[in-house]
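Peer 1: sequence and predicted structure below; questions after.
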Amino acid sequence: MLKRLNNFQLFEADKFLEKLDLMGLKCELWSDYESKQIKGIKITATVWSDSHDYGNDSVSNVGEQLVIKVLDPNAVLLDFKTPHFIEAINPKGTIYGEFSNQLSLVADQVVIMEDDNDEF
């Protein structure tokens, strides 16, 4: 039996995220667990809408939460006093977990969408 084939799974984060609307809810500093040194920021978001075709109409990621990390110690915290739609710039993702149902996302930047039509 071949080993570690999951290391060769290709996940195109930009293609996955382009069909999702993400609602940013929280932004906090991201620090190294051991050294406590600031690595950047992490944004918690909820999938607001999902237009992917998963081959089964009952499958959707709407309502699921994900965290996007920005690896930049100088990154500015985003203001989520009220939720806003966000976009991840140049995202990279890794699928992991026993059932390959976990996602680690890192982006160059996360921006708040400049749309005054945020509908909740």
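Peer 2: Now that the structure is in, tell me what you want to look at.

Peer 1: can you show me the helices along the chain?
Peer 2: Assigned by DSSP state H, the helices in the chain fall at 13-17.

Peer 1: any stretches of it with poor pLDDT?
Peer 2: 3, 115-120 (pLDDT under 70).

Peer 1: those strands in it, which residues are they?
Peer 2: Assigned strands in the chain, in chain order: 20-31, 38-50, 65-70, 84-89, 92-96, 102-107, 109-112 (criterion: DSSP state E).

Peer 1: do you know which of those lies nearest V76?
Peer 2: strand 38-50 (7.7 Å; CB to CB). Every residue, glycine included, has its C-beta placed from N, CA and C.

Peer 1: and the angle for that closest one with strand 84-89?
Peer 2: 120 degrees (axes from the mean of the first three to the mean of the last three CA atoms, to 10 degrees).

Peer 1: ok, which of the strands of the chain comes nearest R4?
Peer 2: Of the strands of the chain, nearest to R4 by CB to CB is strand 92-96, at 12.6 Å.

Peer 1: circling back to that earlier point, got JSON lines for the strands of the chain, with distance to L5 and mean neighbour count too?
Peer 2: Rendered in JSON lines, the data for these read as follows (distance: least, CB to CB, whole Å; neighbours: other CB atoms under 10 Å):
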{"stretch": "strand 20-31", "distance to L5": "27", "mean neighbour count": "17"}
{"stretch": "strand 38-50", "distance to L5": "27", "mean neighbour count": "18"}
{"stretch": "strand 65-70", "distance to L5": "25", "mean neighbour count": "20"}
{"stretch": "strand 84-89", "distance to L5": "27", "mean neighbour count": "19"}
{"stretch": "strand 92-96", "distance to L5": "13", "mean neighbour count": "15"}
{"stretch": "strand 102-107", "distance to L5": "17", "mean neighbour count": "18"}
{"stretch": "strand 109-112", "distance to L5": "32", "mean neighbour count": "17"}
